[in-house]
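1. Provided below for reference: sequence and predicted model.
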Amino acid sequence: MAKGTQTSPRRPGYLLLVCPDAQLLRQHAEECAAQWPPASGAWERFCYWGDEEPPRAFWENLSLTGLLGTQRLVLVRQANSWPAAVWHRLSKALSQPLAGNFPIFCLEVGFEKGKFKVPAWLMKLPCWTFADKQGWIWRNEGVTDKNIARFVQDEAARAGVRLSQETLARLCDTLPRSAEVIANEIEKLALACPPGTAATPEHVSTADWIPEARLFDCVDALMRGSEAHVWREFGRIADIEGAAFPLFGILALYCRRLWQLSAGESPPIFGASRSLLPPLARRLGPAGCAFAIAQVVEAELSIKSGKFSVQQAVEFLLSQLLTHFRPGR
């Protein structure tokens, strides 16, 4: 998944960290600071941001030795935001890095279609091409649909939290693709679960973006086309006002996966969805999947426009999709 900085007894002249996830960038920067400590004492730390022009102090910290021989760790967040003129000047400054200083530049760019969205002109600069040859560029695509299960399991193992397969599937389906959010949610589970017990989907329902775990039971029943189970689970949702838009979000996610499956793609599918979605996608086809997505969008618009109340919009949507998903329709 990622290309890591090469372990070496000699500290790199500088590092370029490329990743869309701020939490992973912070973690890796700290690991690098620990992996290559100063010759004596501790790093004198400085942090700058790419959303503003680098001040004079930045250039001084990059090119001058500290008083009393102190060594500086110079971290730049969102360095990808600096204009080309700054990077050209920086490239010249990095051609002769100061041995006592350790510059680390974080490029917080997106990852799409297998590529990082680093400006082409930046990758042509001498500082970039040299760093690439030296193994001084660390690349990590962040948390994605394909690797979120591993992220959740690793974080749970670090926190000593046991996850059932159903709980893992629920987390993978609902957690935002953010290392920080995953760590925070696992920390909450560690506090909520009695020692020696496994986290359950009911524990997951405490998350801000999931008003009730019943939503997933309702959606699973909907995908099976089971009318009795859909209305039973819907009736158990205490706060339909608060649950409506999270329900729309879950349905939109499932519909997107149906669309991907119908197009021959292989999206990540967890839990009960593994057996429910593929046959449903084949039965619906692209046109049927598009209709389902349109119904979810229409339900949201009907609430925001005042056409229907929340209760009316949700009930109408479930009725429409039940008819659409029911086997043998």
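-> Perfect, thanks for sending it.

2. worst-scoring helix or strand of the protein, pLDDT-wise?
-> One helix or strand of the chain scores below all others by mean pLDDT, DSSP states H and E: helix 201-204, with a mean of 68.

3. Now whatever helix or strand comes next after that one: average pLDDT?
-> For helix 201-204, the following helix or strand on the C-terminal side (DSSP states H and E) is helix 214-224. Helix 214-224 shows a mean pLDDT of 81.

4. tell me what helix 214-224 is packed against?
-> helix 227-235, helix 240-262, helix 273-304, helix 310-325 (3 or more Cβ pairs under 8 Å, 6 or more residues apart in numbering; DSSP states H and E). C-betas here are computed from N, CA, C, even on glycine.

5. per-residue confidence averaged over stretch 141-158?
-> Rounded mean pLDDT across stretch 141-158 is 91.

6. gap between that stretch and the chain center?
-> How far stretch 141-158 lies from its chain's middle: 9 Å, per Cα atoms, centre = their mean, to the nearest Å.

7. Contacts for that stretch, please.
-> 1-2, 19-21, 24, 111, 116, 162-163, 168, 171-172, 175, 177-179, 182-183, 186, 189, 199, 267-268, 270 (Cβ atoms under 8 Å, 6 or more residues apart in numbering).

8. Also stretch 237-252?
-> 173-174, 209-212, 214-216, 218-219, 222, 292-293, 296-297, 299-300, 303, 310-311, 313-314, 317, 321.

9. So which residues of the stretch 1-150 of the chain form strands?
-> 15-18, 44-49, 72-77, 102-107, 111-112, 115-116, 137-139 (DSSP state E, counting those that start in this stretch).

10. Give me the buried subset of the contacts of stretch 141-158.
-> By neighbour count, with 16 or more other Cβ atoms under 10 Å, these hold 19-21, 24, 111, 116, 163, 168, 171-172, 175, 178-179, 182-183, 186, 189, 199, 267-268, 270 as buried.

11. Give me the domain ranges for this protein.
-> According to automatic domain parsing, the chain is divided into the following domains: 15-139, 148-204, 214-325.

12. Mean pLDDT lowest where, among those domains?
-> The bottom spot among the domains of the chain, by mean pLDDT, belongs to domain 148-204, with a mean of 83.
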